[in-house]
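**Student:** next input, structure requested:
(one chain, ligands or ions: 1)
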Amino acid sequence: MEKLVINGGTPLQGEVKIIGAKNSAVALLPATLLIKGICTINNLPNISDIKISCQILEKLGSKITWNNKNSVTIDNTNIFNTVAPLDLTSQFRASYYLLGAMLGRCKQIEVGLPGGCNLGPRPIDQHIKGFECLGATVDLLQGKMIASAKKLVGTVIYMDIVSVGATINIMLASVLAKGTTVIEHAAKEPHIVDVANFLNSAGAKIIGAGTDTIKITGVKSLKNNITYSVVPDQIEAGTFMLAALATHGDITIRNCIPEHLDCLTSKIIEIGGNVEYNNDTIHVWYDKKLSKTSITTMPYPGFPTDLQAQMGVVLALADGTSIINENIWDSRFQYTAELNKMGAQITVQGKSAIFEGVENLNGATVFSSDLRAGAALIIAGIAANRNN
Ligand code: EPU
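**Tutor:** Model (predicted):
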């Protein structure tokens with residue numbers, strides 16, 4: 001098991017540059033399968049999910065050239081395999097995007113059930129419902145999903161819940177379908193807009209991405225030779241904003257889209273932190289004790305679940321009693337038990353966590369249950385053992 005040793009107590013100060021969004025990049029790479037030719041994706045985060053995504057594409061027939069650690073050129077002229085390797089797809093969540101992309105490209109795909117962080121139950125019934133509405137059949141067999149269609153035909157699909165993954169997956173399956181698909185009650189996250197922008201740059205006809213209703217008019221094929229840059233990661237940017245506050249620091253965050261963080265910014269200002277936007281830069285700094293608040297995680301533009309744990313560290317150190325209600329994932333409070341080992345006073349009651357603010361955290365050995373919990377615990381480690 002990998003470990004990080006953090007000597008805390010130093011305010012974080014300086015500048016950081018934000019790279020492309022993980023949750024967009026893991027959709028854009030499979031989305032390239034819809035292009036029978038070459039495209040280059042820039043601004044990719046240098047993380048394992050991206051490397052595994054590229055390995056999966058190679059197994060399907062993609063030819064991949066790394067231009068540098070953040071850019072790949074993908075030639076999808078010959079996709080000859082419709083069985084995605086289980087040992088790779090089980091390593092991360094977003095392997096489910098192979099379903100939509102390969103249904104669109106080959107009308108056939110066999111892929112294992114997705115892996116990913118343990119956040120409680122992570123059903124994909126809405127993805128399957130969408131594919132079936134378009135005319136595909138999806139069978140679950142011995143831990144694998146086998147999706148196929150004679151043809152895909154556009155229709156109106158009403159999502160029972162707001163799902164990022166299902167919205168993107170249905171968009172992927174619809175781009176080359178016959179006729180028009182309408183996704184009602186769609187998710188609105190920036191990465192949904194990003195995937196739509198990429199596909200539109202290749203000649204897809206998608207309107208309404210970023211709103212509740214997305215309309216996709218099927219086209220016969222997409223254009224070749226596309227170059228696209230992944231949207232900046234708003235969760236990474238938000239993580240640095242909260243790290244600045246928790247450590248009593250002062251950070252300038254470059255290469256981001258500040259408006260994607262409006263919800264976090266307004267909460268930070270409400271509790272007494274300082275935020276300034278300037279074009280693609282956010283400046284965040286701490287100058288006084290922060291106060292309590294209450295937060296409820298929601299789909300975009302609500303407060304993101306992926307910043308909940310990082311915000312939890314800030315509230316663990318704020319004045320008074322704060323509450324976080326987690327509405328998206330059942331098991332996203334696992335980090336609170338670890339923070340309590342560091343001296344926090346957090347009680348979880350069902351979908352809510354109650355934070356009695358403390359003056360300081362102490363160093364301790366803690367365990368990260370998922371990606372964002374890990375980020376939160378790193379912030380807590382840096383904030384711990386402060387002398388002033
Ligand atoms: N849901 C269903 N049925 C479905 C799909 C989702 O009931 O078919 C439920 C989920 O159980 C959850 C809610 O709907 O309660 C929202 O799930 P969503 O489908 O939006 O999540 P996702 O697409 O699986 C993505 C991100 C997550 C992020 C969520 C919410 C990727 C690869 N993952 O997951 O990111 O928390 O959206 O914003 O895009 C992370 O980056 O740490 C992470 C977990």
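**Student:** CA atoms for contacts and neighbours, from now on please.
**Tutor:** Fine.
**Student:** which residues of this protein lie near the ligand?
**Tutor:** By the rule CA under 6 Å from any ligand atom, the part of the chain lying against the ligand is 23, 93-94, 121-127, 163-166, 305-306, 328-329, 371-372.
**Student:** which among these count as buried?
**Tutor:** Burial of those was assessed by neighbour count (16 or more other CA atoms under 10 Å); the buried members are 23, 93-94, 126-127, 163-166, 305-306, 328-329, 372.
**Student:** now the residues you listed in CSV, with pLDDT and secondary structure?
**Tutor:** Putting those into CSV (pLDDT from 0 to 100; DSSP: H, G, I helix; E, B strand; the rest coil) gives the following:
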residue, pLDDT, secondary structure
23, 96, helix
93, 78, helix
94, 86, helix
126, 95, helix
127, 95, helix
163, 97, coil
164, 97, helix
165, 96, helix
166, 97, helix
305, 98, helix
306, 98, helix
328, 95, coil
329, 93, coil
372, 97, helix
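**Student:** which residues are contacting the helix or strand encompassing residue 238?
**Tutor:** According to DSSP states H and E, residue 238 maps onto helix 234-246. Contacts with helix 234-246, where a contact means CA atoms under 8 Å, 6 or more residues apart in numbering, come from 11-13, 18, 21, 249-251, 253, 256-257, 260-261, 264, 273, 284-286, 306-307, 310-311, 313-314, 317, 375, 379-380, 383.
**Student:** per-residue confidence averaged over it?
**Tutor:** Averaged across helix 234-246, pLDDT comes to 98.
**Student:** buried set for the helix or strand harbouring residue 146?
**Tutor:** Taking DSSP H and E as the definition, residue 146 sits inside strand 144-148. Neighbour counts using 16+ other CA under 10 Å place 145, 146, 147, 148 of strand 144-148 among the buried residues.
**Student:** what's in contact with the following helix or strand past it?
**Tutor:** Sequence-wise, the next helix or strand downstream of strand 144-148 (DSSP H and E) is strand 156-158. Contact with strand 156-158 is made by 130, 133, 181, 182, 183, 184, 185, as judged by CA under 8 Å, 6+ apart.
**Student:** again, only using 6 Å
**Tutor:** In this structure, residues lying in contact with strand 156-158 by CA atoms under 6 Å, 6 or more residues apart in numbering are 181, 182, 183, 184.
**Student:** now do the contacts for the second one.
**Tutor:** It refers to residue 182. Residues in contact with residue 182, defined by CA under 6 Å, 6+ apart, are 156, 157, 214, 215.
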